[in-house]
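Colleague: Can you look at this prediction? I've put the sequence above it.
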Amino acid sequence: MSFIFQRPLRALALAAGLGLASSACTSQLDQVPSYTANAEVVYRDPVQIQQSLVRLYATLAVSGQSGPDGQPDITGIGEDFSQYLRQYWSMQEIASDEGIMTWNDGNLSDISRNTWNANNEFIRAIYDRIFYQIGICNEFIRQTSDDKLASRGLTDSNVTNTIRQYRAEARFLRALSYWHALDMFGNVPFADENSTLSGSPPPQIARAALFAYIEGELKAIEPTLVPARTAYARADQGACWALLTKLYLNAEVYTGTARNTDAVAYANKVLGASYSLASEYRLLFLADNDAPAASQEVIFTVPFDGNRTRTFGGMPFILHASLGGSVPAADYGVNGGWSGLRIKPNIVNLFPGFPGATADARATFYTTGQSRTISDLFDFMQGYLVTKYKNVTSAGRPGSSSQANGGDGNFVDIDYPMFRLADVKLMYAEAVLRGGTGGTAGTPLDQVNDVRRRSGAPILATVQLSDILDERGRELYWEAHRRTDLIRFGRFATGNNWPQKGGLAAGRDIEAFRTLFPIPATDLAANPNLKQNPGY
């Protein structure tokens, strides 16, 4: 549940222009609405500067200015489909061996089939959303330099130190989005706060150089960010360490050079901080997962509130679209299912004996009326449903905007756990098994068994690298990690089939170039500095 976001979340930070968002992504997804507030006014006022920072966080959760639709940040696609988390989640899940989507909107089915091209509007939506976010972060960072603050009379040390912290948070959010761009698109357009706003299209940065930039940014802001677990739903040192761990664990994919010892070092920092596993797995995915029982495990979250964070993307999408068939939607604190998402048998098969003979609490699959196997992409009754998220509190009370509480039942209070401790424990174990050294947080087996013990799964006697991918599948499914994990383990393009992969019902190997998504054709047309990813 959000404590930081208020509707309608006016984007005062955009006052002086969108920077990269208006120059890199000059595609049909135009960046609107326009803003007339003057930066010289906005950035003289510490209150408005704080509001501008809030808008940077809000862009991960909402899709526009009014909520849930009507004043979108980007156009050219339905506002519900344009929301950041919804499209990032979809690319990580539906393009992998986890999720499959029933809907046949536009070219959406090509994501489930792994047959997309550079004209796919859903790939374009996440690409443009990423660079919209980078653009508004650039503008905030540009307007809050020490020189700018001094020129506007903001010289009180308490005020300037607070704004420096805000600036570090904005740099984290920009690094997060650049990581998403690095992971999904590789060589991308690049601009930062020092780039000119002349209207010239930005240059393309090589993937390895972008990796180095993100690494440098995160290391630079680490001392300025507040200590781990100081501020819920805001970037702190723990979030910085977790993102660096992600970056280093995937370094060989991104740059050709493994950085597993660095991954161990930053995972160690997280594991040595004040985080602890929630006592029950289910607590992490409920309407009150901001309470201490769950938030003690969460490192960075995107908060949602049923009354104040109104969107048809993000967590409302993930929950509603996962429900349908005979599922009693009221039990999940919403007004109905959207009959969209099912889980592929590949993940169900990671829980031996399911249904019935499994003690693993993570197997949250609804089976009544649903077949385990999937042969028809568009038949919602094929594939089990995922009931991992519930807009109900740990005490069984429906969420704040549920019909039981007099609301419409559309929106949810579930915060999205982007980074959490169990993920870092498994990353630590993997990095050590890949040859990383210097770990002081126990053995890989210790960390894996910590995660398994919480869910009631049997304790392992040994653990191998191949076990880590399966354990990540059990622990982290439906949390937008799977595509990246499969690529790192060499199991995305070949050697691991799933229903509809490559356009075949039984699945087939796909081309290696599909480990990256294409640069959208619209941006290639707008920016002559860009070259398309190979294969497209």
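Modeller: Nice, I can see it. Residues are numbered from 1 along each chain as shown.
Colleague: Verify the stated contact: L225 with E169.
Modeller: Yes: in this structure L225 lies within contact range of E169 using CB atoms under 8 Å: 7.0 Å. The C-beta positions use only the backbone N, C-alpha and C, and glycine is treated the same way.
Colleague: Now do the shared contacts for the two.
Modeller: A235 (CB atoms under 8 Å, 6 or more residues apart in numbering).
Colleague: mind listing the helices for the stretch 101-250 of the chain?
Modeller: For the stretch 101-250 of the chain, helices defined by DSSP state H, counting those that start in this stretch occupy the ranges 109-113, 121-143, 146-151, 157-185, 207-221, 237-249.
Colleague: Compare these and report which one is nearest to T255.
Modeller: helix 207-221 (4.3 Å; CB to CB).
Colleague: Show me what that closest one is packed against.
Modeller: helix 157-185, helix 237-249, helix 251-255 (3 or more CB pairs under 8 Å, 6 or more residues apart in numbering; DSSP states H and E).
Colleague: right, and those helices - which one's nearest Q532?
Modeller: Closest among those, using CB to CB: helix 157-185, at 10.5 Å.
Colleague: How far off centre is that closest one?
Modeller: 16 Å (CA atoms, centre = their mean, to the nearest Å).
Colleague: same check, this time on stretch 400-408
Modeller: 27 Å.
Colleague: what's in contact with that stretch?
Modeller: 1, 287, 305-307, 330, 333-335, 391, 398-399, 409-413.
Colleague: What subset of those is buried?
Modeller: Buried members of the contacts of stretch 400-408, scored by 16 or more other CB atoms under 10 Å, are 1, 287, 305-306, 333-335, 391, 398-399, 409-413.
Colleague: Show residues contacting stretch 199-218.
Modeller: 20, 23-24, 26, 171-172, 174-175, 178-179, 181-182, 186-191, 195, 240, 243-244, 247, 251, 254-256, 526-531.
Colleague: if we go to 6 Å?
Modeller: 23-24, 171, 175, 178-179, 182, 186-187, 189-191, 240, 244, 254-255, 527, 529-530 (CB atoms under 6 Å, 6 or more residues apart in numbering).
Colleague: quick one: average pLDDT of that stretch?
Modeller: The average of the pLDDT scores along stretch 199-218 is 96.
Colleague: list the buried ones in that stretch?
Modeller: 201-202, 204-205, 207-208, 210-211, 213-215, 217-218.
Colleague: Same check on stretch 345-361?
Modeller: Buried residues in stretch 345-361 (16+ other CB under 10 Å): P345, N346, I347, V348, L350, F351, F354, D360.
Colleague: what residues are up against V432?
Modeller: So V432 contacts V264, G439, P444 (CB under 6 Å, 6+ apart).
Colleague: got a list of what the last one touches?
Modeller: Contacts were defined as CB under 6 Å, 6+ apart; by that measure P444 touches A429, V432, L433, V463.
Colleague: ok, now the first one?
Modeller: Applying CB under 6 Å, 6+ apart, we find V264 in contact with A431, V432, G436, G438, G439.
Colleague: For the fourth one, which non-adjacent residue is closest in space?
Modeller: Leaving aside its sequence neighbours, G438 sits nearest to V264 (CB to CB, 6 or more residues apart in numbering; 5.5 Å).
Colleague: how would you label that neighbour: helix, strand or coil?
Modeller: At V264 the chain is in helix, as set by DSSP: H, G, I helix; E, B strand; the rest coil.
Colleague: picking that back up, farthest pair in the buried ones among the contacts of stretch 400-408?
Modeller: Taking CB to CB, no two of the buried ones among the contacts of stretch 400-408 sit farther apart than M1 and N335, at 18.6 Å.
Colleague: quick one: P534 from A209, how far?
Modeller: 18 Å (CB to CB, to the nearest Å).
Colleague: same question, F354
Modeller: Where A209 is concerned, F354 sits at a distance of 45 Å (CB to CB).
Colleague: what's Y416 sitting at in phi/psi?
Modeller: Y416 adopts backbone torsions of phi -80, psi 120, taken as degrees, to the nearest 10.
Colleague: contacting residues for it?
Modeller: With CB under 6 Å, 6+ apart, Y416 has these contacts: V302, M315.
Colleague: For it, name its beta-bridge partners.
Modeller: Using DSSP bridges, the bridge partners assigned to Y416 are V302.
Colleague: okay, who's weakest in the contacts of V432 by pLDDT?
Modeller: Among those, pLDDT bottoms out at G439, giving 90.
Colleague: That one is in what secondary structure piece?
Modeller: Counting by DSSP states H and E, no helix or strand carries G439.
Colleague: What separation do you get for it and L433?
Modeller: Applying CB to CB, the value for G439 to L433 is 10 Å.
Colleague: any idea which element Q87 lies in?
Modeller: Assigned by DSSP H and E, Q87 falls in helix 84-93.
Colleague: Which parts of the stretch 201-350 of the chain are strands?
Modeller: Counting by DSSP state E, counting those that start in this stretch, one finds strands in the stretch 201-350 of the chain at the ranges 204-205, 298-302, 341-343.
Colleague: outside of the last one, which residues touch it?
Modeller: Outside strand 341-343, the residues that touch it by CB under 6 Å, 6+ apart are G99, I100, A321, S322, G383, Y384, V386.
Colleague: Given the helix or strand hosting the second one, what are its sheet partners and their directions?
Modeller: Looking back up the chat, that one is I100. Applying DSSP H and E as the criterion places I100 in strand 99-101. Under the criterion DSSP bridges, strand 99-101 sits next to strand 341-343 (antiparallel) in its sheet.
Colleague: burial measure for G396, as a count.
Modeller: 9 (other CB atoms under 10 Å).
Colleague: In contact with it, which residues?
Modeller: With CB under 6 Å, 6+ apart, G396 has no contacts at all.
Colleague: That one in helix, strand or coil?
Modeller: Going by three-state DSSP: G396 is coil.
Colleague: Look up how far R282 lies from it.
Modeller: From G396 to R282 the distance is 12 Å (CB to CB).
Colleague: model confidence over stretch 88-102, on average?
Modeller: On average, stretch 88-102 scores 98.
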